[in-house]
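1. next one to model:
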Amino acid sequence: MSAEQDNEDAYGKELAAISRHQSEATNARFTVFQALVAVGIGHEQAGEITAEPFATSSSNDQWATMGPRLSAAGERGTN
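-> I've put the predicted structure just below:
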């Protein structure tokens, strides 16, 4: 196998891995969206929450702000 074929195979494997990760992320966001709606968060707000990218610096920061936001959404009764 030539170096060019090796590079093409590696590139194809990387694309497949990226595609798999994107699919898993989409499925996870949909699951979270469904869970938010199931507990009374409105479709629009649930969509906004699941559309936000997670902070890359510290995932704890993201989760620390999620609780109060969800509580506020529940208090507003957004459905």
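2. any low-confidence regions in the protein?
-> For the chain, applying pLDDT under 70 flags the ranges 1, 54-79.
3. ok, 90 please
-> For the chain, residues meeting the criterion pLDDT under 90 lie at 1-10, 49-79.
4. tell me the spacing between the residue nearest to L36 when sequence neighbours are not counted and N27.
-> Leaving aside its sequence neighbours, L36 sits nearest to A46 (C-beta to C-beta, 6 or more residues apart in numbering; 3.9 Å). C-beta coordinates here come from the backbone N, C-alpha and C atoms, glycine included. According to C-beta to C-beta, to the nearest Å, A46 stands 16 Å off from N27.
5. one more: A51?
-> Counting by C-beta to C-beta, the gap from A51 to N27 is 15 Å.
6. repeat for E52
-> Distance from E52 to N27, by C-beta to C-beta: 17 Å.
7. which residues touch G47?
-> Going by C-beta atoms under 8 Å, 6 or more residues apart in numbering, G47 touches F33.
8. list the buried residues for the host helix or strand of it?
-> Using DSSP states H and E, G47 maps to helix 43-51. For helix 43-51, the neighbour count (16 or more other C-beta atoms under 10 Å) marks 45-46, 49-50 as buried.
9. just stretch 28-36 next, same as before
-> Buried residues in stretch 28-36, defined by neighbour count with 16+ other C-beta under 10 Å: 33, 36.
10. using CSV, list the CA coordinates for it.
-> What follows is stretch 28-36, C-alpha atoms only, in CSV (Å, rounded to 0.1, in the frame of the first residue of the first chain):
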residue,chain,number,x,y,z
ALA,A,28,-27.7,12.9,23.4
ARG,A,29,-29.0,16.5,22.8
PHE,A,30,-32.4,15.0,21.6
THR,A,31,-32.5,12.8,24.7
VAL,A,32,-31.9,15.8,27.0
PHE,A,33,-34.5,17.9,25.0
GLN,A,34,-37.1,15.1,25.6
ALA,A,35,-36.2,15.0,29.3
LEU,A,36,-36.5,18.8,29.7
